[in-house]
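**Q** can't give you the sequence, but here's the structure:
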């Protein structure tokens, strides 16, 4: 046990001592009683009592350390004792480490963090955010965070896949584009609540949801997911810039990655401010595109044939949309750790669901409508074939249309990729730190830079196989996320039974966390489900072959939930946690 002495009458005097020096508190309190004689003049008091204070400290020199000028709030202590009207604070080693951790963050513990402090960047990584450090009291933060990402060009390109890649009619695309985002946004909203409630990052929370071992594995998967998504997400934006002139694809990828990296480097505040407002120019450009589409009269409804093939394609398209929206689940808590813990969970969750689903519905339906033009006009179809999403957008806005102003609109819309990549660029650094404690010693700022340039290396070759790359990757994200949802749903609802079942003060103490055996078994059940039901260009599962579609995300949630519940009681019985 470590003791922290704090004498209320002597501000700034805080001493850390071992239990052998516990009686030192009485000597300090006796000295403090003379403070009134100095008219509460602290400087004179310390000057006159310097020798006495030094004698007390020398007597216990092997067991005490002065914490100069540092205060400790009652919220950070485990017990408070009252002696002669004064307070003696007791901290266990874990709480003391948290106090030391905050001091290192405030001072900048290494060269990279010192640079971050100089430019007012967020240097906090996976460390828990104390209540007194939570500054974000704006309840609209969950509402606005994903407005811009879901009005970005990647959402539009996902909507275009319905008619072009899956050969669906417009009515079917609208039904999928309206219903699936609402359902997919619900788990993201629920996970966001945990960030504000506990001040912990999502992949640290995974240790409670899935166990210590599986939580770190999910953190690794989330790093891969964030890096891959960032690489894929810039591709339609690069296509748009390339369609305007002679810009090489590698240069376009570099532009987006560098800008995103710089903004993600600054962290929480910059990301929230940028996402709050950057959707406005995107929306204006979309309305301009709607006007051009109406004037061009290229839209067609195209009736469906109700075949088994089309039914299978609908299921595959649903999985793609689910991966696009619910793919934020393994990162959701990261963006709200600075909100007070007493913020209404209902407000956070409902704001997230509305803020994600409404713009996503708008953009998915709009993308499907634009893509229907490729069915009625060969020149539109050729533009899409030649340069995918960028070619079609360029056809609508520039060719035989708005010319120079149209090019300006294309550039504005292309820049929306930054808004979609910012959250992922932020979370990949945090997920990296959550994998292993030694990785957490390297600053968030450094991992942010490294992760973004790995994304750059992947985005350039992926540019040339965009459609297959994006659909396959979004589906794979959906597989992983659905397994994650199934396991966490079981742990929170069946075993934790709500928020009161968590002790988040011990997130780094593996001796108190679930081991993760049940999490691994639940994950393997989910993998089995995926193998049976997935439908990709490179592999089609047994169930998928029979129905000609992909039902893995629906099945994964159920199967992972069952697998986890089969194993968790045995883990609790024989391992005790």
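**A** Received the coordinates, thanks. This structure is a prediction, so every number in the text was calculated from the model and none was measured.

**Q** so who does the residue lying closest to residue 128 once chain neighbours are set aside touch?
**A** Excluding the flanking residues, the one nearest residue 128 by CB to CB, 6 or more residues apart in numbering is residue 199, at 5.0 Å. In this view, the C-beta of every residue, glycine as well, is placed from N, C-alpha and C. Residues in contact with residue 199 (CB atoms under 8 Å, 6 or more residues apart in numbering) are 128-131, 134, 337, 341, 504.

**Q** where does this protein dip in pLDDT?
**A** Low-confidence segments of the chain (pLDDT under 70): 1-104, 106-108, 302-309, 400, 465-475.

**Q** list phi and psi for the residue nearest to residue 128.
**A** In terms of degrees, to the nearest 10, the main-chain angles of residue 199 are phi 70, psi 20.

**Q** would you mind measuring from it to residue 157?
**A** According to CB to CB, to the nearest Å, residue 199 and residue 157 sit 36 Å apart.

**Q** please apply the same query to residue 177.
**A** Taken as CB to CB, the span from residue 177 to residue 157 is 13 Å.

**Q** so which of the two has more stuff around it?
**A** The neighbour comparison of residue 177 against residue 157 (other CB atoms under 10 Å) goes to residue 157, with 29 against 26.

**Q** show the backbone phi and psi for the more buried one.
**A** phi -70, psi -30.

**Q** contacting residues for it?
**A** 236, 367, 388-389, 470.

**Q** now distance to residue 139, neighbour count and secondary structure too, for these, in TSV please.
**A** Formatted as TSV, the contacts of residue 157 follow (distance: CB to CB, whole Å; neighbours: other CB atoms under 10 Å; DSSP: H, G, I helix; E, B strand; the rest coil):
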residue	distance to residue 139	neighbour count	secondary structure
236	33	29	helix
367	30	27	helix
388	39	22	helix
389	35	29	helix
470	34	26	helix
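
**Q** off-centre distance for stretch 200-212?
**A** 13 Å (CA atoms, centre = their mean, to the nearest Å).

**Q** actually stretch 155-168, sorry about that
**A** Relative to its chain's centre, stretch 155-168 lies at 26 Å (CA atoms, centre = their mean).

**Q** switch to numbering from 117
**A** With the count now opening at 117, the last piece we talked about shows up as stretch 271-284.

**Q** may I see the buried residues of it?
**A** Of all the residues in stretch 271-284, those buried under the rule 16 or more other CB atoms under 10 Å are 271-282, 284.

**Q** ditto for stretch 663-675
**A** 664-673, 675.

**Q** counting neighbours, what do you get for residue 562?
**A** 18.

**Q** in space, what's closest to it - neighbours in sequence excluded?
**A** residue 228 (5.2 Å).

**Q** and the strands in the chain?
**A** 118-122, 130-134, 180-182, 195-199, 202-207 (DSSP state E).

**Q** about what we covered before: CSV please, covering the contacts of residue 315 and showing distance to residue 605 and neighbour count.
**A** Below are the contacts of residue 315 laid out as CSV (distance: CB to CB, whole Å; neighbours: other CB atoms under 10 Å):
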residue, distance to residue 605, neighbour count
244, 24, 20
245, 25, 23
246, 29, 15
247, 28, 13
250, 27, 18
453, 22, 26
457, 22, 13
620, 19, 16
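
**Q** neighbours around residue 317, how many?
**A** Close neighbours of residue 317, defined as other CB under 10 Å, add up to 28.

**Q** what residues does it make contact with?
**A** Applying CB under 8 Å, 6+ apart to residue 317 gives the contacts 242, 311, 449-450, 453, 546-547, 550.

**Q** the residue nearest to residue 244 and residue 249: what is the separation?
**A** Distance from residue 315 to residue 249, by CB to CB: 8 Å.

**Q** nearest residue to the residue positioned nearest the centre of the chain other than its sequence neighbours?
**A** Closest residue to the average C-alpha location of the chain: residue 447 at 2.6 Å, with CA atoms, centre = their mean. Using CB to CB, 6+ apart and skipping residues adjacent in sequence, the residue nearest residue 447 is residue 543, 3.8 Å away.

**Q** likewise for residue 567?
**A** residue 544 (4.2 Å).

**Q** count the residues that sit near that neighbour.
**A** For residue 544, the neighbour count with other CB under 10 Å is 28.

**Q** hmm, residue 563 and it touching each other?
**A** Yes - at 7.1 Å, residue 544 and residue 563 qualify as touching, with contact defined as CB atoms under 8 Å.

**Q** residue 648 and residue 675, how far apart?
**A** Counting by CB to CB - residue 648 and residue 675 are separated by 9 Å.

**Q** er, residue 592 I mean
**A** 17 Å.

**Q** ok, now residue 236?
**A** Counting by CB to CB, the gap from residue 236 to residue 675 is 47 Å.

**Q** ok, now which ones touch residue 640?
**A** Residues near residue 640 by CB under 8 Å, 6+ apart: residue 679.

**Q** next one: it from residue 372, what distance?
**A** With CB to CB as the criterion, residue 640 and residue 372 are 37 Å apart.
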